[in-house]
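# A predicted structure for the sequence below; I have some questions about it.
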Amino acid sequence: MSRIRVLVGTRKGAFILTSDGKRDRWEVSGPHFPGWEIYHVTGSPADPDRIYASQSSSWFGQVVHRSDDGGATWQTVGNDFTYDGVPGTHQWYDGTPHPWEFARVWHFEPSLTDPDTVYAGVEDAALFRSTDGGRTWQELPGLRGHGSGSAWQPGAGGMCLHTIVLHPSNPERIYVAISAAGVFRTDDGGKTWQPINRGLASEGIPDPDAEVGHCVHRIAMHPDRPDVLFMQKHWDVMRSDDGGESWYEVSGNLPTDFGFPIAVHAHEPDTIYVVPITSDSHHFPPEGKLRVYRSKTGGHEWEPLTKGLPQSHCYVNVLRDAMAVDSLDECGIYFGTTGGQVYASADSGETWNAIVRDLPAVLSVEVQTLP
């Protein structure tokens with residue numbers, strides 16, 4: 001029977017939750033790196049024992065950790081995030097010299113096939129790649145070399161590259177999302193990039209055809225249908241059916257179209273999940289009711305999923321990297337809250353259970369399905 005490993009990054013350490021395929025009893029390991037902010041922790045699809053973790057601190061800066069035994073032990077690996085070999089400096093987004101604040105790694109995206117290859121999205125927004133298991137890192141400078149950088153603006157969380165989506169069969173195609181710039185795509189392995197934001201509309205951008213400047217919160221893809229992308233934007237849930245060339249809104253009957261995470265069911269490419277929150281100034285569920293919304297029609301109709309979730313006086317948030325799915329036959333859905341709960345559903349969202357409570361604020365949730 002397959003096992004499930006849920007990797008949780010929090011404000012004060014990382015936690016590893018494990019269960020068998022029934023997903024009714026969970027063992028909790030942690031905190032790993034107690035007291036430290038673990039912004040993202042994720043496993044390699046190519047090696048179930050390989051895990052990467054991003055530790056950040058305003059005092060000691062950014063540290064990258066790697067485990068080769070499923071989180072039992074850890075080693076600190078290379079943190080040389082440099083531009084042209086010089087740490088901490090680079091050409092600014094408009095091409096002028098400017099100091100570069102390397103604030104944190106927001107997101108790791110391990111290769112689908114090689115456990116030693118991993119991408120990192122960082123703040124200030126840039127994309128890096130390591131081919132030696134995180135020991136050394138090289139920037140893919142073509143992204144910032146696109147020439148649109150003067151229109152990039154920091155979102156409320158900073159100028160962050162927070163989402164990396166790898167094409168399941170074409171290693172040359174990669175998508176990234178930057179707040180607040182938008183979505184970019186490369187078709188040559190990162191040498192050159194193009195913005196793919198046609199159809200997005202954002203308050204404060206009067207030009208309806210603006211190529212950049214949009215605050216995208218998260219994008220998701222199902223590997224069986226890689227040309228279909230879903231997006232949770234700063235207002236609006238969006239969909240693209242042509243690899244990002246154009247987008248259209250699928251917010252439908254959601255109570256609010258503001259939120260952070262978006263996820264796709266493991267076996268149903270048209271089934272997607274979001275967690276609406278009240279607004280960009282009120283980061284809590286509408287009416288204090290924690291509801292996951294599911295669409296089985298690719299975003300055209302939505303239904304609230306509430307069984308087992310608090311339906312009164314709930315004022316938590318769910319951040320952009322804090323929702324994930326497993327790949328068991330009955331797809332499991334997982335999400336963590338800023339209140340320290342991790343909720344799981346073993347039946348595609350019909351019922352929910354808090355598999356752990358009272359953690360520090362949850363920053364990320366990732367899932368590994370293990371043999």
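Yep, it's here. Note that the coordinates shown come from a computational prediction; the quantities given were computed from them, not determined experimentally.
# middle-most residue in this structure, spatially?
Centroid check for the chain by Cα atoms, centre = their mean gives Asp321 as the closest residue, at 3.6 Å.
# tell me the contacts of the residue nearest to Ser348 when sequence neighbours are not counted?
Nearest residue to Ser348 in three dimensions, chain neighbours excluded: Cys331, at 5.1 Å (Cβ to Cβ, 6 or more residues apart in numbering). C-betas here are computed from N, CA, C, even on glycine. Under the criterion of Cβ atoms under 8 Å, 6 or more residues apart in numbering, the neighbours of Cys331 are His265, Ala266, His267, Glu268, Val325, Ser348.
# Quick check, the second one in contact with Glu330.
Read that as Ala266. No. Counting by Cβ atoms under 8 Å, Ala266 stays clear of Glu330, with 9.7 Å between them.
# Which strand residues bridge the residue nearest to the centre of the chain?
Bridge pairing for Asp321 (DSSP bridges) gives the partners Ser364.
# check contacts around it.
Gly9, His40, Trp106, His107, His162, Arg218, Pro261, Leu363, Ser364, Val365, Glu366.
# Report the two of those separated the most.
Greatest spatial distance in these: Gly9 and Arg218, 15.5 Å, computed using Cβ to Cβ.
# Looking at the two, which is more packed in?
Comparing Gly9 with Arg218 by other Cβ atoms under 10 Å, the one with more neighbours is Gly9, at 28 against 23.
# List the buried residues for stretch 286-299?
Under the neighbour-count criterion of 16 or more other Cβ atoms under 10 Å, stretch 286-299 has Pro286, Lys289, Leu290, Arg291, Val292, Tyr293, Arg294, Ser295, Gly298, Gly299 buried.
# In helices only, show me the residues you listed.
Judged by DSSP state H, helices contain none of the buried residues of stretch 286-299.
# so what's the closest residue to Thr306 other than its chain neighbours up against?
Spatial nearest neighbour of Thr306, excluding adjacent residues (Cβ to Cβ, 6+ apart): Arg291 at 5.3 Å. With contacts defined as Cβ under 8 Å, 6+ apart, the neighbours of Arg291 are Pro255, Val275, Pro276, Pro285, Pro304, Leu305, Thr306, Leu309, Gln311.
# ok, so what distance separates Arg291 from Glu203?
Separation of Arg291 from Glu203 (Cβ to Cβ, to the nearest Å): 25 Å.
# circling back: adding distance to Ser58 as columns, could you present the contacts of Asp321 in TSV?
As requested, the contacts of Asp321 are arranged in TSV below (distance: Cβ to Cβ, whole Å):
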residue	distance to Ser58
Gly9	17
His40	17
Trp106	15
His107	19
His162	19
Arg218	25
Pro261	25
Leu363	15
Ser364	19
Val365	24
Glu366	24
